[in-house]
Structure formats: structure tokens, C-alpha cells
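Engineer: Just need the structure, nothing else, for what follows:
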Amino acid sequence: MHKPATPSALPWYRQRWPWLLMLGPMVVVVAGISTAVLAVKTEDTLVNDDYYKRGKEINIELTRDNAAARLKMGAQVMFGDGGRNVRIMLQSPVEAAPAKLRLWMLHPTLSQRDQEVELNKTGEGFYSGTMQLPTAAHWFVRLEDLSGRWRLQSEWRPNEDNVVALSSQPTLSTASQ
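Structural biologist: Modelled structure (predicted):
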């Protein structure tokens with residue numbers, strides 16, 4: 001004869017297996033809610049709203065790179081006192097060195113950390129200035145004349161060296177034109 005199944009001694013909510021099976025979906029729900037909260041509360045600084053305008057600006061900037069290449073320009077940027085003091089040695093065999101230069105320190109992702117400093121000529125081809133550079137492991141360094149005709153740029157990693165070399169190389173997109 002067939003016996004009816006005996007019910008378990010404990011109800012389902014007192015057993016560990018249902019809770020263990022529900023743990024995965026509960027973790028996913030909590031992670032989804034926290035991701036949604038972060039997406040709503042934080043601002044995305046990496047996205048540019050006006051792509052067309054930014055594209056035209058890039059083309060203008062490329063002509064400045066090519067102008068520096070035509071002038072055979074180069075520079076050595078030396079940082080001292082933890083990035084406070086800046087000295088630049090500008091090599092420009094074609095054009096006379098201007099009285100002032102502008103140095104940009106651009107953070108790769110946070111534009112509010114970007115810094116601009118105006119450098120004064122201290123000798124033939126030498127410039128100096130001071131700034132308060134926030135700590136970061138990576139910077140883009142841009143040197144340009146005040147009239148915006150040419151620019152030199154490179155990357156700098158402060159942990160590796162206190163000197164960065166800026167060289168002028170024509171860009172591929174406009175060098176062939």
C-alpha cells in the first residue's frame with residue numbers, strides 16, 4: 001500500500017535552500033538600484049554635448065600642430081617643488097621666441113582640474129612660471145603662444161620624471177593636404 005508523503009518538520013522559510021536560491025536575485029536587485037542612484041546623482045563630465053562644434057575645433061587645433069612642425073619647434077618642460085615651479089626651454093630655429101607663453105596642464109578626465117599658467121621670458125628661449133598643480137598620475141601638457149598660432153603637446157606622468165619633452169610633429173590627417 002502507498003503511504004502519503006510526510007510533511008517536513010520545518011516550514012519552507014526556515015530551511016536554508018530557498019534563501020540560498022533567492023540570494024542571487026536579491027544581490028542583482030540591490031546592485032541595480034545602487035547603479036541607478038549613482039547614474040542619476042553623478043554628472044558625466046566625459047560626454048560633450050556639441051559634437052559638431054568640437055570636431056571643428058579639433059581641425060583648427062591640428063593646423064596649430066602643423067604650424068609648430070613647420071617652424072621646427074620643440075620644448076623641454078621642467079617641473080620643480082612638486083609641480084609648483086615650471087621652467088621651459090623653447091627651441092625655435094625659425095621664429096623668434098615670444099615674450100610670453102601659455103602652458104596648459106590638462107587632466108585626462110576631470111576638466112575642473114585643468115590649469116593654465118602664463119609663462120614669462122627669463123632669457124633667450126627660457127620661460128618660467130608658478131602654479132598649484134593637484135596631484136594626479138597623468139597629465140596632458142600643452143604649450144602655445146598667446147596668439148594661438150602654434151602649439152606643442154605631450155603626455156606627462158609625474159611619478160616617472162620631472163621633465164617632459166614637447167616636440168612638433170605634423171598630424172596625419174592634415175599633413176598630406
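Engineer: residue closest to the middle of the chain?
Structural biologist: Pro108 (0.2 Å; C-alpha atoms, centre = their mean).
Engineer: all helices for this protein, in order.
Structural biologist: Using DSSP state H, the helices found in the chain span residues 16-41, 51-70, 172-175.
Engineer: Look at Thr171 and report its pLDDT.
Structural biologist: For Thr171, the pLDDT comes out at 53.
Engineer: One more: Pro7?
Structural biologist: 61.
Engineer: Apart from its neighbours in sequence, what residue is nearest Glu116?
Structural biologist: Trp104 (5.4 Å; C-beta to C-beta, 6 or more residues apart in numbering). (C-beta placed from N, C-alpha, C; glycine too.)
Engineer: Test my guess that the one you found contacts Glu144.
Structural biologist: Yes. Counting by C-beta atoms under 8 Å, Glu144 is a contact partner of Trp104 at 7.5 Å.
Engineer: hey, which strand is longest across this protein?
Structural biologist: strand 115-123 (DSSP state E).
Engineer: Based on its surroundings, how many neighbours for Arg84?
Structural biologist: 12 (other C-beta atoms under 10 Å).
Engineer: In contact with Met89, which residues?
Structural biologist: Met89 is in contact with 75-76, 78, 125-126, counting by C-beta atoms under 8 Å, 6 or more residues apart in numbering.
Engineer: Would you list the buried entries among those residues?
Structural biologist: With burial judged by 16 or more other C-beta atoms under 10 Å, the buried subset of these is Ala75.
Engineer: Out of the helices and strands in the protein, which is least certain?
Structural biologist: Within the chain, no helix or strand scores below helix 172-175, which has a mean of 44 by mean pLDDT, DSSP states H and E.
Engineer: returning to that earlier point: tell me which of the contacts of Met89 has the lowest pLDDT.
Structural biologist: Among the contacts of Met89, Gly125 has the weakest pLDDT, 85.
Engineer: List the contacts of it.
Structural biologist: 89-92, 97.
Engineer: could you flag which of those residues are buried?
Structural biologist: Here, 16+ other C-beta under 10 Å leaves 90, 92, 97 buried among the contacts of Gly125.
Engineer: Name the nearest of those relative to Val163.
Structural biologist: Distance to Val163, by C-beta to C-beta, is smallest for Leu90 among those, at 14.1 Å.
Engineer: Could you list which residues are in contact with the closest one?
Structural biologist: 73-75, 97, 101, 125-127, 143.
Engineer: Low-confidence regions, the chain specifically.
Structural biologist: 1-8, 44-60, 83, 94, 170-177 (pLDDT under 70).
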